[in-house]
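Visitor: With the input below, show me the fold.
(2 chains)
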Amino acid sequence: MDKPLRVLIAKPGLDGHDRGAKVIVRALRDAGFEVIYTGIRQTPEMIAAAAMQEDVDAVGLSLLSGAHLTLFPAICKELKKKGLKDVLVFGGGIIPDEDIPVLKKAGVDGVFGPGTPLQTIVDYLKGKLAVAK
Amino acid sequence: MPSKVNPLDLVKRIRRGDQAAASRALSIVVNDEPASELLAKEFFKSSGSAQKIGVSGPPGVGKSTLTGRLIGHYRSQKLKVGVLMVDPSSSISGGAFLGDRLRIMEHATDRGVFIRSLASRGMIGGLTYAIFGAIHVLETLGCDKILIETVGTGQDEVEIASVADTVLYVTTPSMGDEIQAMKAGAMEIGDIFVVNKADLAGKDKAVADLRAALGLGHSAGQAVKAWEPPIVATSAKSGEGIPELAKELDGHWKHLQKSGEGRVRLKRQHATELQFWIQRRVIKSALDRVTDKILEDMVSRKTDPASIGRKLLK
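Guide: Numbers count the residues shown, from 1 in each chain, chains lettered A, B, ... in the order given. Just a heads-up that it's a prediction; the model follows:
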């Protein structure tokens, strides 16, 4: 059996609505991933430190408060500072379409809005991470 | 992530306290990647000096929050702390939700703390086969205390007693009466008993019930114990009882060193480590050879578990 892929699901910022993040955690667990969840209200430094210590293949960010343009790039920067250059970063939440190119430029590989089928995210991660190996 | 780094370079970096290197090495060891045996040989040289503290008990009694409190206590003494937290893997998908870490995120950016979540990956008993390998990485990183949190246990998960130097058995005021405490199994392995959630009603009765069960006397033929397991009431939520618990932990560590029991336990740990190593390889290599054809032959009664099992073990 192949070793399970490891994913950190993190909620930066100040909103406490983590139902979406928990749905993703559950879907990835059922798809065979080992999923670590940080809980709500995490700083970029905390998220990057957790990603480093857990040696994850991907970091998924969930944010509903509108601060994604500040926090997502800050997290990408912290990850690079910790030497985690190969970790796949993806995100979701309430993110306007026009912000997506900005986030991609900052290092967020995929952005998934409300209503995205869970299978789409599972397939995306399996596809991307299989290529990375 | 695939490893392209030189294993011996990794060992050097870990000895200097490099957490990223330790994290990478943990993956190599846990996943049994090709470099793992070379690394394991190096890591074993640094092993055996840190106090390994097992935190065991039923799900939901507050093991993770209590672990977080102990981290805080040891950090106030400037000690380096390593933490391994095990949660169950799904027998259906092979995936896992590793949910212990979120209880102790306040230590996330402290460079004197290294926390790693591990999935049980098919092992029964509250731990994972790779647990010793993971411990040795943290020992090489220079941790003074290593906290190992088991899967939430039932009545029969006792593997932690063959892995840790000191076992905390955590319970709460609502976990049952003295009859529960008299049963064989998980309750027998505690070196220190913790009644957590002491802020809830019933703490005094829970402590008294435990004391009554533990104090029923020595069974015939059993030597008088050099260590009587103390009972500590704590509230991981408020921090109450944590200094008392830490004092008992230090006391047990001193007892192990003075009495020679520490050496006995270390030998038991090595025996278990060897057992895991062999099990992992023998079982894996045998199970990898179970084909659908074999199962078909069993369904049609052309073969039986004993005959085919014997063949697969050759």
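Visitor: Quick one: residues contacting the residue of chain A found nearest chain B.
Guide: Of all residues in chain A, residue A:39 sits closest to chain B, at 3.6 Å by C-beta to the nearest C-beta. For glycine as for every other residue, the C-beta is placed from the backbone atoms N, C-alpha and C. Contacts for residue A:39 (C-beta atoms under 8 Å, 6 or more residues apart in numbering or on different chains) come out as A:11, A:18, B:102, B:103, B:105.
Visitor: I'd guess residue B:117 is in a strand, am I close?
Guide: Yes - under DSSP: H, G, I helix; E, B strand; the rest coil, residue B:117 sits within a strand.
Visitor: State the phi and psi torsions of the residue lying closest to it once chain neighbours are set aside.
Guide: In this structure, residue B:117 finds its nearest non-sequential neighbour in residue B:98, 3.7 Å apart by C-beta to C-beta, 6 or more residues apart in numbering or on different chains. In terms of degrees, to the nearest 10, the main-chain angles of residue B:98 are phi -100, psi 100.
Visitor: who does residue B:98 bridge with?
Guide: Under the criterion DSSP bridges, residue B:98 forms beta bridges with residue A:36.
Visitor: check contacts around it.
Guide: A:34, A:35, A:36, A:37, B:85, B:87, B:117, B:118, B:119.
Visitor: Tell me the spatial nearest neighbour of the closest residue to chain A within the stretch 101-250 of chain B, not counting adjacent residues.
Guide: Chain A sits closest to residue B:102 of the stretch 101-250 of chain B, with a gap of 3.6 Å, by C-beta to the nearest C-beta. Spatial nearest neighbour of residue B:102, chain neighbours left out: residue A:39 (3.6 Å); criterion: C-beta to C-beta, 6+ apart.
Visitor: hang on, that neighbour is in a helix, isn't it?
Guide: No - per three-state DSSP, residue A:39 lies outside any helix segment and is coil.
Visitor: Show me the strands in chain A, by range?
Guide: Using DSSP state E, the strands of chain A run over A:6-10, A:34-37, A:58-63, A:88-93, A:110-112.
Visitor: Adding mean neighbour count as columns, could you present those in JSON lines?
Guide: Formatted as JSON lines, these follow (neighbours: other C-beta atoms under 10 Å in any protein chain shown):
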{"stretch": "strand A:6-10", "mean neighbour count": "27"}
{"stretch": "strand A:34-37", "mean neighbour count": "27"}
{"stretch": "strand A:58-63", "mean neighbour count": "26"}
{"stretch": "strand A:88-93", "mean neighbour count": "22"}
{"stretch": "strand A:110-112", "mean neighbour count": "20"}
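Visitor: closest one to residue B:196 among these?
Guide: Nearest to residue B:196, of all the strands of chain A, is strand A:34-37, at 22.5 Å by C-beta to C-beta.
Visitor: so who does residue B:121 touch?
Guide: A:4, B:89, B:128, B:129, B:130.
Visitor: Now do it against residue B:136, distance only.
Guide: 18 Å (C-beta to C-beta, to the nearest Å).
Visitor: ok, back up a step: tell me the pLDDT at the residue nearest to residue B:117?
Guide: On the pLDDT scale, residue B:98 is placed at 92.
Visitor: any low-confidence regions in the chain?
Guide: In the absence of a named chain, chain A is used. The model of chain A has pLDDT under 70 over residues A:1-2, A:132-133.
Visitor: let's do chain B instead
Guide: B:1-4, B:155-156, B:176-186, B:216-224.
Visitor: Count the residues that sit near the nearest residue to residue B:124 once chain neighbours are set aside.
Guide: Distances taken as C-beta to C-beta, 6+ apart put residue B:157 closest to residue B:124, at 7.9 Å, once the chain neighbours are dropped. Residue B:157 has 21 neighbouring residues, counting by other C-beta atoms under 10 Å in any protein chain shown.
Visitor: these two touch, right, residue B:157 and residue B:123?
Guide: No - assessed by C-beta atoms under 8 Å, residue B:157 is found out of contact with residue B:123, at 10.4 Å.
Visitor: any idea how far the residue nearest to residue B:124 lies from residue A:118?
Guide: Counting by C-beta to C-beta, the gap from residue B:157 to residue A:118 is 33 Å.
Visitor: excluding its backbone neighbours, what's nearest the most centrally placed residue in chain A?
Guide: The residue lying closest to the centre of chain A (C-alpha atoms, centre = their mean) is residue A:60, at 1.0 Å. Once flanking residues are discounted, residue A:60 sits nearest to residue A:9: 4.7 Å by C-beta to C-beta, 6+ apart.
Visitor: That neighbour pairs with what?
Guide: Where residue A:9 sits in a bridge, its partners, by DSSP bridges, are residue A:37, residue A:60.
Visitor: For it, which residues are in contact?
Guide: So residue A:9 contacts A:21, A:24, A:25, A:28, A:35, A:36, A:37, A:38, A:59, A:60, A:62 (C-beta under 8 Å, 6+ apart).
Visitor: Chain neighbours aside, what residue packs nearest to the second one?
Guide: The shortest distance from residue A:24 to any non-neighbouring residue, by C-beta to C-beta, 6+ apart, is to residue A:9 (5.8 Å).
Visitor: any idea how far the one you found lies from residue A:89?
Guide: 12 Å.
Visitor: what's the answer for residue A:14, then?
Guide: For residue A:14, the distance to residue A:89 - C-beta to C-beta - is 20 Å.
Visitor: what about the helices in the stretch 1-150 of chain B?
Guide: B:7-15, B:19-30, B:36-45, B:63-76, B:131-140 (DSSP state H, counting those that start in this stretch).
Visitor: For chain A, which of the ones you listed is the nearest?
Guide: helix B:19-30 (4.4 Å).
Visitor: Which other helices and strands does the closest one contact?
Guide: For helix B:19-30, the elements it packs on are helix A:44-54, helix B:7-15, helix B:36-45, strand B:113-119, helix B:131-140, judged by 3 or more C-beta pairs under 8 Å, 6 or more residues apart in numbering or on different chains; DSSP states H and E.
Visitor: and the ones you listed as JSON lines, adding distance to residue B:272?
Guide: Formatted as JSON lines, these follow (distance: least, C-beta to C-beta, whole Å):
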{"stretch": "helix A:44-54", "distance to residue B:272": "26"}
{"stretch": "helix B:7-15", "distance to residue B:272": "24"}
{"stretch": "helix B:36-45", "distance to residue B:272": "14"}
{"stretch": "strand B:113-119", "distance to residue B:272": "16"}
{"stretch": "helix B:131-140", "distance to residue B:272": "8"}
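Visitor: Can I get those in TSV including mean neighbour count and distance to residue B:240?
Guide: Listed next are those as TSV, based on neighbours: other C-beta atoms under 10 Å in any protein chain shown; distance: least, C-beta to C-beta, whole Å:
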stretch	mean neighbour count	distance to residue B:240
helix A:44-54	23	26
helix B:7-15	18	36
helix B:36-45	17	37
strand B:113-119	25	22
helix B:131-140	25	29
